[in-house]
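Kindly return the folded structure for what I paste below:
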Amino acid sequence: MTGMRIGEAAALEWSDIDFDTGLLSITKTLYYKSMDDYKFVEPKTQASIRTIYIDAYTINELKAWREVQQKVLKNCNLVLSYNGILTSKHTLPRALEKLAGLAGVHRIKIYALRHSHASLLISMGENPLLIKERLGHEKIQTTLGTYGHLYPNTNIEVAKRLTGVLTYTSASHSIADYTSNQHTAVYHREVE
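Numbering: from 1, shown residues only. I've put the predicted structure just below:
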């Protein structure tokens, strides 16, 4: 679970993952036009060049995949390769569709995995700035504009926490000897 863009994931190499610390370096993305026309390029924005930590479960799954991959493909450094070459932009969606069918679950688009990651983090109460960094957004406005509707409306909770924060004693008489507002003038006369 990383929230990476599809091109970032396709460009991921084993050397980009520190299995001891769980640190994942995202420094490039794959531009893939055809099997003969592809290259690694800089990510979408400067903020897209980032490091994120991945959870222990994902680390274990990646270790298991690397072990299987290395038995079949010696010296393959591409994480998402099953045949030793770069994964095209069509391969991963087709694989996701096939696996969803085998699992008997509704298929989602490959990019929706990124949205699902962000949605999960929001539901866990994670800070929007952390989510921005994890997704590689340049500006917090992008994160909030895209995912802001998923944040729970906490207005009621805020109102509950504000109850009793300020205390006061009601006025027994008016100390104002003037007022230019006709509505408060009536109030001041009534209090006296």
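
Let me see the contact set for the residue lying closest to Tyr38 once chain neighbours are set aside.
Among residues not flanking Tyr38 along the chain, Tyr32 sits closest, at 4.4 Å (CB to CB, 6 or more residues apart in numbering). (Glycine included, C-beta is placed from N, CA and C.) Contacts for Tyr32 (CB atoms under 8 Å, 6 or more residues apart in numbering) come out as 7, 10, 38, 86, 88-89.

burial measure for Glu150, as a count.
Not quite, residue 150 is Leu, not Glu. 13 (other CB atoms under 10 Å).

got it, and the one 5 residues further on?
Residues near Asn155, counting by other CB under 10 Å, number 8.

how close does it get to Gly145?
Using CB to CB, to the nearest Å, Asn155 is found at 20 Å from Gly145.

Ok, Lys160 next?
28 Å.

One more: Thr29?
Counting by CB to CB, the gap from Thr29 to Gly145 is 22 Å.

Next: Gly136.
Gly136 is 15 Å from Gly145, where distance means CB to CB.

and the two? which has more neighbours close in?
Each of Gly136 and Gly145 has its neighbours counted (other CB under 10 Å); Gly136 has more, 23 against 11.

For the nearest residue to the more buried one once chain neighbours are set aside, give me the pLDDT.
Nearest in space to Gly136, with sequence neighbours left out and distances taken as CB to CB, 6+ apart, is Ser48 at 3.9 Å. At Ser48, the model reports a pLDDT of 91.

got a list of what Ser48 touches?
Counting by CB under 8 Å, 6+ apart, Ser48 has contacts 5, 8, 26, 29, 42, 136, 138.

show me where pLDDT drops low in this structure?
154, 171-192 (pLDDT under 70).

what residue lies at the spatial centre of it?
With distances taken as CA atoms, centre = their mean, Ala118 lies nearest the centre of the chain, 3.3 Å away.

In which helix or strand does it reside?
helix 112-123 (DSSP states H and E).

What would that helix look like as PDB? C-alpha coordinates only.
What follows is helix 112-123, C-alpha atoms only, in PDB (Å, rounded to 0.1, in the frame of the first residue of the first chain):
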ATOM      1  CA  ALA A 112      -8.600   3.800  -8.200                       C
ATOM      2  CA  LEU A 113      -6.100   1.900  -6.100                       C
ATOM      3  CA  ARG A 114      -4.400   5.200  -5.500                       C
ATOM      4  CA  HIS A 115      -7.700   6.800  -4.500                       C
ATOM      5  CA  SER A 116      -8.500   3.800  -2.200                       C
ATOM      6  CA  HIS A 117      -5.200   4.300  -0.500                       C
ATOM      7  CA  ALA A 118      -5.900   8.000   0.200                       C
ATOM      8  CA  SER A 119      -9.500   7.200   1.300                       C
ATOM      9  CA  LEU A 120      -8.200   4.600   3.700                       C
ATOM     10  CA  LEU A 121      -5.700   7.100   5.200                       C
ATOM     11  CA  ILE A 122      -8.500   9.600   5.600                       C
ATOM     12  CA  SER A 123     -10.800   7.100   7.300                       C
END
